[in-house]
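>>> no sequence on this one, just coordinates:
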């Protein structure tokens with residue numbers, strides 16, 4: 001059964017498994033103790049730190065192991081903000097950061113701090129100039145992911161790090177998705193990553209704080225990991241994480257070329273095989289193994305279940321697959337279609353045969369979901385202008401994505417060119433998906449108006 005969700009968690013690398021098993025026998029003792037077993041554990045911990053530091057491109061004494069990538073992000077943000085409290089309480093982030101960063105932003109604002117969210121373009125990338133304009137005299141910290149976890153777009157980290165350095169602002173890089181593929185370029189100040197993203201065991205994160213960067217760990221003091229990560233080190237998992245990072249790096253160049261070709265195949269073939277699809281993310285400046293596309297008139301959760309039944313494990317940023325029923329903040333920030341979203345992220349070793357079988361299965365899965373939802377198969381018949389209504393109202397209140405868009409598509413042909421359709425909807429995804437449908441169908445999105453319940457979305461027929 002092909003597993004195509006490596007961006008969530010990569011399969012455990014064979015080297016990680018071997019190192020984990022071996023270190024269970026050798027690395028169980030307290031590395032802070034001076035007796036023989038403790039010294040042996042300390043040697044393993046030091047070797048793992050050196051291997052991880054070499055992969056990151058930092059000094060070993062700049063790197064500590066945390067209990068997760070999320071913990072590394074939270075510790076980095078809280079520690080950097082606390083150390084620079086005299087500078088100010090302003091935080092700069094991009095609009096497409098991982099939720100771990102956004103949760104830290106929310107906590108910072110709840111405590112009285114301020115933040116600026118830098119917008120992205122339709123590929124999910126920030127502009128270095130736009131990011132630089134967000135930096136202020138009271139900016140204590142800037143945050144930027146190296147590559148996006150949902151669409152794979154790589155960010156201009158080196159350029160923004162240079163601008164931050166010139167402004168005297170430390171830059172935290174979330175390298176969770178990219179570190180397995182190579183070092184993060186640029187003169188960044190702090191870095192966070194997570195082992196389960198590159199094939200290491202879950203429960204191990206990396207936090208790097210460059211020498212000279214002011215940092216004040218928050219929470220009760222602890223003697224472990226230079227006081228920056230409390231708790232007894234999970235040494236077997238740490239050893240496995242470092243060993244697997246070294247192993248995947250040895251394979252990265254070769255696998256990047258191979259997987260990029262497979263992803264290019266998906267990016268090209270999906271729009272040819274499935275009508276009404278939007279492939280999102282930067283087509284060139286992206287991670288080699290990840291591609292995301294969205295399908296009109298499709299319930300994302302149902303589509304994922306269909307693909308799972310066909311033997312494919314994929315992920316989605318669609319609101320239909322989330323417990324909150326709100327669209328992905330990444331797709332929302334990009335202004336692209338969120339309904340029927342599928343994220344394919346290929347693990348190391350994925351075969352061309354598995355990709356071809358996925359491409360064979362996908363059209364039937366999408367078509368089946370659309371048929372069950374009553375989506376239009378072809379363009380709706382156009383009534384003569386004399387008989388057509390100048391405007392129509394579609395009541396989609398209480399109905400979830402993609403129903404509001406499906407109902408819009410069914411009636412757009414019932415108004416003349418220049419006529420309008422008003423969709424009443426209270427599903428949060430409609431705010432994103434109706435404008436995206438208009439862009440894909442070359443219709444005019446007039447705008448959103450208040451309504452007694454939900455909102456009224458007005459669309460004018462162009463052709």
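Okay, I see it. Model, not experiment: these values are computed from the prediction. Residues are numbered from 1 along each chain as shown.

>>> what sits against residue 244?
Contacts for residue 244 (CB atoms under 8 Å, 6 or more residues apart in numbering) come out as 12-13, 15-16, 19, 195, 198-200. Any C-beta I mention is one placed from the backbone N, CA and C, and that applies to glycine too.

>>> Who wins on neighbours among those?
Using other CB atoms under 10 Å as the neighbour test, the contacts of residue 244 are led by residue 200, with 33 neighbours.

>>> Excluding residues flanking it in the chain, which one is nearest that one?
In space, and not counting its chain neighbours, residue 200 is closest to residue 241: 3.6 Å by CB to CB, 6 or more residues apart in numbering.

>>> which SS class is the one you found?
Put simply, residue 241 is helix when judged by DSSP: H, G, I helix; E, B strand; the rest coil.

>>> Please give the number of neighbouring residues around it.
For residue 241, the count of nearby residues is 32 (other CB under 10 Å).

>>> looking at it, it is touching residue 199, isn't it?
No - with contact defined as CB atoms under 8 Å, residue 241 does not reach residue 199; the gap is 9.2 Å.

>>> where do the contact lists of those two overlap?
The contact lists of residue 241 and residue 199 share residue 16, where a contact means CB under 8 Å, 6+ apart.

>>> For the residue nearest to residue 187 when sequence neighbours are not counted, grab phi and psi.
Using CB to CB, 6+ apart and skipping the chain neighbours, the partner closest in space to residue 187 is residue 161 (4.9 Å). Torsion angles at residue 161 (phi, psi; degrees, to the nearest 10) stand at phi -60, psi -40.

>>> who touches residue 161 in this structure?
171, 173, 186-189.

>>> The same query, at a cut-off of 10 Å, please.
Going by CB atoms under 10 Å, 6 or more residues apart in numbering, residue 161 touches 128, 142, 144, 169-171, 173, 184-189.

>>> likewise residue 102?
93, 95-96, 115, 117, 143, 329.

>>> List only those of those flagged as buried.
Among the contacts of residue 102, those buried by neighbour count (16 or more other CB atoms under 10 Å) are 93, 95-96, 115, 117, 143, 329.

>>> Which ones among these map onto strands?
Here DSSP state E is the test, and the buried ones among the contacts of residue 102 give 93, 115, 117, 143 as lying in strands.

>>> Now tabulate the residues you listed in CSV and tack on pLDDT and distance to residue 66.
Listed next are those as CSV, based on pLDDT from 0 to 100; distance: CB to CB, whole Å:
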residue, pLDDT, distance to residue 66
93, 98, 20
115, 97, 23
117, 98, 25
143, 98, 17
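
>>> With respect to residue 64, which of these is nearest?
Nearest to residue 64 among these is residue 143, at 18.6 Å by CB to CB.

>>> Can you report how many residues neighbour the residue lying closest to residue 210 once chain neighbours are set aside?
Nearest non-adjacent residue to residue 210, counting by CB to CB, 6+ apart: residue 189, 5.3 Å away. When counting by other CB under 10 Å, one arrives at 24 neighbours for residue 189.

>>> where's residue 189 relative to residue 15, distance?
31 Å (CB to CB, to the nearest Å).

>>> so residue 82 is in which element?
In this assignment (DSSP states H and E), residue 82 forms part of helix 69-83.

>>> Show me what that helix is packed against.
For helix 69-83, the packing partners by 3 or more CB pairs under 10 Å, 6 or more residues apart in numbering; DSSP states H and E come out as strand 63-66, strand 90-94, helix 99-110, strand 139-145, strand 171-174, strand 190-194, strand 205-209.

>>> And that helix, what's buried?
Within helix 69-83, the residues that count as buried by 16+ other CB under 10 Å are 69-81, 83.

>>> Tell me which residues are up against stretch 440-452.
So stretch 440-452 is in contact with 276-278, 294, 296, 336-337, 379, 397, 405, 408-409, 412, 418, 420-426, 430-431, 434-439, 454-463, going by CB under 10 Å, 6+ apart.

>>> Tell me where the stretch 151-300 of the chain is predicted with low confidence.
Low-confidence segments of the stretch 151-300 of the chain, defined by pLDDT under 70: none present.
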